[in-house]
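Trainee: predicted structure and sequence below. I'll ask about it afterward.
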Amino acid sequence: MRRDLSWNHAICGIQGTHFIRAITTDPNESYVRLNIGGKSYYVRKELYTEERTLMHDIVESTHEQRLAMVDGCDPSTGEYYLERNSRLADHIVDFFATGSLHRPQNMCIEKFKEELEFWRISHEQMASCCTLPTCSSSDVDVFTDRSLFRLACNPFDFLPGDFLKIHNHQCQQQFSQFFRWFSSLAVFSLKFGKFISGLILGSMPEFQEDPSNASAYHSMHAKTSEKLHKFLPSVTKNEEFPDFVYRPTDSPMFTLVLLEYVCIGWFTFEYVIRLLIYPKRGEFLRKTLNVIDLLTILPFYLELCLPVIGVESHFKEITGAMLVVRILRVLKMARVFKLARYSSSLQTFGQTLKASITELSMLSIFLLTGIIFFSTIMYYLEKDEPHSDFYSIPAACWWCVVTMATVGYGDAKPVTVCE
């Protein structure tokens, strides 16, 4: 439904945002005059017949009923006074005029939420560019009916009251000490347990099952004039480690593996609990953050299941089997996106990117056009030179990208007089 607000310029004079003609509180008057935060507005009665908000109640009520809703009334002007924030008044009235609710810049989110609650406007009415980083009111309201909650938990109809408390803690995360503790533990498990210990330390030779060859790893990767091939046994080895055979650092020590098991167990527990307390399981599984959560734990269990389906450790020479393992390990990096669940700033950043997708797309097209244009020019200028680094347009694109993004990498450079 489109809501509208009408100004009758034939009836009232306008001075800035204020209306200067006095009216009475005649019940037959087709307009109601409100003074919100020092600004006066004419509101047409017949336009508010569906939206059950405070504005709807004021417009549809009698004079005596309005006096109980407002802060005061001036009989000489017919204005009903509402002592609200004048900066927000225009945005609230604009919502009734256009049907689109926007949040003013440099305004405290909690203050704006308080104003929406006063006018009984749902958070779902927010425009996509100004979405509030919080649980929607529908998510909160759906759990206020305990019978509906029990129905949603079937066949797991146990501890409904405790589940209800957990959900309320989650939806009031900014005010709940419990959820702050809960999210802090999750972030600690994610940052320290997985990334610091599991990924970073697990890739270092000092933290492998056999750390005795750590010095050999560092010696091989040191920048020297002698470039040794890692995997061919026929090349000359470092005389300091004659028996060293290079192997990928993918077998971390037992302590790190155990710590990863604990973190994965925590992530699994968290995901299952949130799944149980949500009434619409299908909707829960389709949400973006929940898909990310599933991707953070699913590769771990799939990797555990590989031996069950026949991919044993002595089959690691099989390219296909190793490719599956490597893909699963790469998917573990999806856990970094779990941080967005516990950071309102990251959620706001994601919503900003979503609202700016058109502008970002235009910027990407502009950069892509420039890259292709200059790469093509450089290719035709340099392609006939012996040992040219610009042997194809894609190769020239690499030079163009690093030149536009930084000051150039130095691995590809023009050699003709046109440089």
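Mentor: Received, thanks.
Trainee: just checking, what packs against the helix or strand harbouring L259?
Mentor: Assigned by DSSP states H and E, L259 belongs to helix 254-277. Contact here means 3 or more CB pairs under 8 Å, 6 or more residues apart in numbering; DSSP states H and E; on that basis helix 254-277 packs against helix 160-171, helix 177-188, helix 281-286, helix 288-305. In short, each C-beta sits where N, CA and C put it, glycine included.
Trainee: please redo it, this time with the cut-off set to 7 Å
Mentor: Applying 3 or more CB pairs under 7 Å, 6 or more residues apart in numbering; DSSP states H and E, we find helix 254-277 packed against helix 160-171, helix 288-305.
Trainee: CA atoms only: put it into CSV for me.
Mentor: What follows is helix 254-277, C-alpha atoms only, in CSV (Å, rounded to 0.1, in the frame of the first residue of the first chain):
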residue,chain,number,x,y,z
PHE,A,254,48.4,-33.6,17.5
THR,A,255,47.8,-30.6,19.9
LEU,A,256,46.8,-28.3,16.9
VAL,A,257,44.6,-31.1,15.5
LEU,A,258,42.9,-31.6,18.9
LEU,A,259,42.3,-27.8,19.2
GLU,A,260,40.7,-27.8,15.8
TYR,A,261,38.4,-30.7,16.8
VAL,A,262,37.3,-28.7,19.9
CYS,A,263,36.6,-25.6,17.7
ILE,A,264,34.6,-27.5,15.2
GLY,A,265,32.6,-29.1,17.9
TRP,A,266,31.8,-25.7,19.3
PHE,A,267,30.7,-24.4,15.8
THR,A,268,28.6,-27.6,15.3
PHE,A,269,26.9,-27.1,18.7
GLU,A,270,26.2,-23.5,17.9
TYR,A,271,24.7,-24.3,14.5
VAL,A,272,22.5,-27.1,15.8
ILE,A,273,21.2,-24.9,18.6
ARG,A,274,20.3,-22.1,16.3
LEU,A,275,18.6,-24.5,13.9
LEU,A,276,16.5,-26.0,16.7
ILE,A,277,15.3,-22.6,18.0
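Trainee: if we can go back for a sec, out of the helices and strands packed on helix 254-277, which gets the lowest mean score?
Mentor: Here those differ in mean pLDDT, and the lowest is helix 160-171 at a mean of 50.
Trainee: any figure for the gap between H123 and I92?
Mentor: 14 Å (CB to CB, to the nearest Å).
Trainee: looking at these two, which one has more neighbours?
Mentor: I92 (25 against 19; other CB atoms under 10 Å).
Trainee: which element is that one on?
Mentor: Residue-wise, I92 maps onto helix 86-98 under DSSP H and E.
Trainee: may I see the buried residues of the helix or strand just after that helix?
Mentor: Beyond helix 86-98 in the direction of the C-terminus, DSSP H and E gives the next helix or strand as helix 109-119. Residues of helix 109-119 classed as buried: 112, 115-116, 119 (neighbour count, 16 or more other CB atoms under 10 Å).
Trainee: tilt between helix 109-119 and helix 86-98?
Mentor: Computed by axes from the mean of the first three to the mean of the last three CA atoms, to 10 degrees, the angle separating helix 109-119 from helix 86-98 equals 50 degrees.
Trainee: which secondary structure elements does helix 109-119 contact?
Mentor: Counting by 3+ CB pairs under 7 Å, 6+ apart, helix 109-119 packs on helix 54-60, helix 86-98.
Trainee: gap between M69 and R120?
Mentor: Taking CB to CB, one finds M69 at 11 Å from R120.
Trainee: what sits in contact with each of these two?
Mentor: Listed as contacting both M69 and R120 by CB atoms under 7 Å, 6 or more residues apart in numbering are L54.
Trainee: before we move on, back to that, can you check what angle separates the helix holding L259 from helix 288-305?
Mentor: Using the same axes, to 10 degrees: helix 254-277 against helix 288-305 is 130 degrees.
Trainee: and the average pLDDT for helix 254-277 is what?
Mentor: Mean predicted lDDT for helix 254-277 stands at 82.
Trainee: tell me where the longest helix sits in this protein.
Mentor: Secondary structure of the chain per DSSP state H: the longest helix is helix 357-382.
Trainee: so which bits of the following helix or strand past it are buried?
Mentor: The helix or strand immediately downstream of helix 357-382 is helix 393-405, counting by DSSP H and E. For helix 393-405, burial by neighbour count (16+ other CB under 10 Å) applies to 395-400, 403.
Trainee: and helix 393-405, what other elements does it pack with?
Mentor: Checking 3+ CB pairs under 7 Å, 6+ apart, helix 393-405 ends up next to helix 357-382.
Trainee: how far off helix 393-405 does the helix it packs on point, in degrees?
Mentor: Using the same axes, to 10 degrees, helix 357-382 lies at 120 degrees relative to helix 393-405.
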